[in-house]
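1. below are the sequence and a predicted model; questions follow.
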Amino acid sequence: MQLFTKKSDYLNYRQQSSLGILGLVPTMGNLHQGHLNLVKESLKENDHTLVTIFVNPKQFGPNEDYEKYPRTLESDLKKLKELQGSEKILVFAPERPTEIFPEDFSTEIQVTGLEHALCGLQRPGHFKGVTTVVYQLFQLSGAHKAYFGQKDYQQFKIIQKMTKDLSLAIELHMVPIARESSGLALSSRNQYMTSEQKLEAANIYKSLRMVAQKYLKAPDEAQNLRQEILFKDPSWQYLELLDAQTLKAPGPRTRQVVVAGAYHMGDTRLIDNVLINL
Ligand code: PAF
C-alpha cells in the first residue's frame, strides 16, 4: 500500500506508473465498515484503488463539527492494510488543506435543483463544498470509477448530476448502507453518542422502514404516518418521502421512492434512508 500526503507526489507517481483501471473512494477518514465496503467493491472491480482521506473544510457550516471531526489516520491506514488485496491500494491523505485548496483557490462547483430538499435545506452551502472537493478529487485522481455510500443519498444524486452535466468521464457506483445489528446506519459520527443513545438511534431506521412499508400498501397513509412520527418526536430534523430521482413529491411517473430522515440525538446529527422500488 502506498501513502501520499502531497498532491505533487501522487501526480508524479500516477504519471510514472501504469495503474490500469483506477477506482476512487473519497472519504473524510475515520474509516468504518461502510467505507471498507466501498474499498472492497472498488478492489473487486478495478486494477488499483485510490482512497482519499481529507476532512473537507468547505462542506462544514460555521457551527458544525469541522474541528472535532475525528482524524484517525494511523488506524485508518491499518484497517486498509488488513484488507485482502491491499497492495492494490493507494492512499492520498493531504498533509494540509492547501494541498487540495491552495490559498488562492477561488472556484466553486454548484449543482442547482437537487439541493432544495433534505440536507440541502438544513445545511446551506454544504453540497457546494462537497461538489467542489469531489470535482477536484475526480480531476486529480484520474480515476475511471468512483464509489460512494447510499447513506448520503442526496450527496450521491448531486454528484451524479454534476458528472452528467459536466460530461465527466467517470462511472459512479452507489454502495448499500452498512448497519449495526440494531439497524443503526454506520457513521463516523456514531462515536459521539453514548451506548444508550446508539440503542435509541436504532429507531431511526425502524421509523424509515415503517413509512416505506406503509407507502407500498397505502401511499396516503404513509404521508400521515410520516407526519405523526415527526409530530411525536421533535428530535427529527426532517423525515421525507420523495421521488428518488427528482427529490420532489412522488407523482404518477415515480418509479423509486426514497424515505430519508435526519435526527438529532443530543448534539449528534444522524442521517439515514430507505429506497423503495415501485
Ligand atoms: O461522504 C463523504 O465522506 C464526503 O462528503 C466526501 C464525499 C468524501 C467529500 O468530502
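-> Done, it's in.
2. check which helix or strand covers F156.
-> In the assignment (DSSP states H and E), F156 maps to helix 153-165.
3. which strands or helices does that helix pack on?
-> Using 3 or more C-beta pairs under 8 Å, 6 or more residues apart in numbering; DSSP states H and E, the elements in contact with helix 153-165 are helix 118-122, helix 126-141, strand 145-149, strand 171-175, strand 256-265. (C-beta placed from N, C-alpha, C; glycine too.)
4. need those in TSV (columns: mean pLDDT and distance to D65).
-> As requested, the helices and strands packed on helix 153-165 are arranged in TSV below (pLDDT from 0 to 100; distance: least, C-beta to C-beta, whole Å):
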stretch	mean pLDDT	distance to D65
helix 118-122	97	14
helix 126-141	98	12
strand 145-149	99	19
strand 171-175	98	24
strand 256-265	98	13
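5. Throw those into CSV and include distance to Q197 and mean neighbour count, thanks.
-> Shown next, in CSV, are these (distance: least, C-beta to C-beta, whole Å; neighbours: other C-beta atoms under 10 Å):
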stretch, distance to Q197, mean neighbour count
helix 118-122, 20, 18
helix 126-141, 23, 21
strand 145-149, 22, 22
strand 171-175, 26, 17
strand 256-265, 5, 21
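6. to the ligand, which of these lies closest?
-> Evaluated over the helices and strands packed on helix 153-165, closeness to the ligand peaks at helix 126-141, with 4.8 Å, by C-beta to the nearest ligand atom.
7. and for N46, nearest residue in space, chain neighbours not counted?
-> Using C-beta to C-beta, 6 or more residues apart in numbering and skipping residues adjacent in sequence, the residue nearest N46 is G23, 3.6 Å away.
8. name the helices or strands packed onto the host helix or strand of that neighbour?
-> Assigned by DSSP H and E, G23 belongs to strand 22-27. Helices and strands touching strand 22-27, by 3+ C-beta pairs under 8 Å, 6+ apart, are helix 33-45, strand 48-53, helix 126-141, strand 145-149.
9. now do 10 Å
-> Where contact means 3 or more C-beta pairs under 10 Å, 6 or more residues apart in numbering; DSSP states H and E, strand 22-27 is packed against helix 33-45, strand 48-53, strand 89-92, helix 126-141, strand 145-149, strand 171-175.
10. all the helices of the stretch 151-278 of the chain, residue numbers only.
-> Taking DSSP state H, counting those that start in this stretch, the helices of the stretch 151-278 of the chain run over residues 153-165, 195-217, 219-232.
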